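1. the sequence and its predicted three-dimensional model are supplied below.
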Amino acid sequence: MINVLFVCLGNICRSPMADAVFAHLVKQAGLDDKIRVDSAGTSGWHVGEPAHRGTLAVLKKHHIPYNGRARQFTHQDANQFDYILAMDRSNLSDIKRLIGDPPNTEVAMFLSYANQAGLTTIQEVPDPYYNNNFDEVYDLVFKGCQALLDHIRKTHDL
Ligand code: 4NP
């Protein structure tokens with residue numbers, strides 16, 4: 001099993017969106033018995049809450065289900081996940097402060113795969129919690145997920 005974790009600040013806007021979209025693409029590709037997907041927040045501010053209504057609305061618009069609840073990222077996640085993907089640079093530095101650079105886990109910016117694939121030059125997923133741009137964030141998250149799945153399929157021969 002390949003384990004993939006998306007991380008943002010609150011685990012209610014961006015990382016749940018990536019979690020839902022990526023799980024949807026994985027299922028469409030028939031790989032849900034090979035790739036497990038989860039998300040977490042570096043803060044504990046919204047632990048136990050469902051995703052933000054803006055995230056749920058944009059997912060619903062695209063017919064993608066999500067029923068996860070927010071949880072906080074912990075140092076134990078380094079042992080459980082093969083990929084830990086940060087939505088922005090601040091998330092990445094918070095993650096690295098907790099877990100360093102574990103030898104068997106790829107800790108990276110979520111959009112780095114889409115950047116390498118030439119799908120976008122934007123490196124950080126902007127936080128819709130502050131500007132309500134859930135549609136714009138969805139487009140970026142979708143590209144990020146497509147490029148990530150391509151990368152994982154190539155890397156693991158799936
Ligand atoms: P997220 O967005 O990190 O994409 O889930 C945020 C959610 C909540 C807060 C900030 C960002 N907050 O300040 O509570």
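-> Happy to help now that I have it.

2. any idea whether residue 6 is helix, strand or coil?
-> With DSSP: H, G, I helix; E, B strand; the rest coil as the basis, residue 6 sits in strand.

3. ok, now residue 38?
-> strand.

4. tell me how far the closest residue to the ligand within the chain lies from residue 16.
-> Residue nearest to the ligand within the chain (Cβ to the nearest ligand atom): residue 10, separated by 2.7 Å. Where you see a C-beta, it was placed from the backbone N, CA and C, and this is true even at glycine. Distance from residue 10 to residue 16, counting by Cβ to Cβ, to the nearest Å: 9 Å.

5. cool, and residue 47?
-> Residue 47 is 13 Å from residue 16, by Cβ to Cβ.

6. which one's more surrounded, those two?
-> For residue 47 and residue 16, the more surrounded residue by other Cβ atoms under 10 Å is residue 16, and the numbers stand at 27 against 15.

7. residues near the closest residue to the more buried one other than its chain neighbours, how many?
-> Distances taken as Cβ to Cβ, 6 or more residues apart in numbering place residue 51 nearest to residue 16, at 4.1 Å, with adjacent residues excluded. Residue 51: 27 surrounding residues under other Cβ under 10 Å.

8. wait, isn't residue 51 in contact with residue 17?
-> Yes - between residue 51 and residue 17 there is a contact under Cβ atoms under 8 Å: 7.4 Å.

9. residues shared between the contacts of these two?
-> Common contact partners of residue 51 and residue 17 (Cβ atoms under 8 Å, 6 or more residues apart in numbering): 59, 66.

10. coming back round to it: hey, what's in contact with both of residue 10 and residue 16?
-> Common neighbours of residue 10 and residue 16 (Cβ under 8 Å, 6+ apart) are residue 70.

11. excluding chain neighbours, what is closest to residue 86?
-> Nearest one to residue 86, counting by Cβ to Cβ, 6+ apart, is residue 92 at 3.8 Å.

12. now check the worst-scoring helix or strand of the chain on mean pLDDT, is it near the ligand?
-> Here the helix or strand of the chain ranked lowest by mean pLDDT, DSSP states H and E is helix 128-131, holding a mean of 94. Yes - using Cβ under 6 Å from any ligand atom, helix 128-131 reaches the ligand at residue 129.
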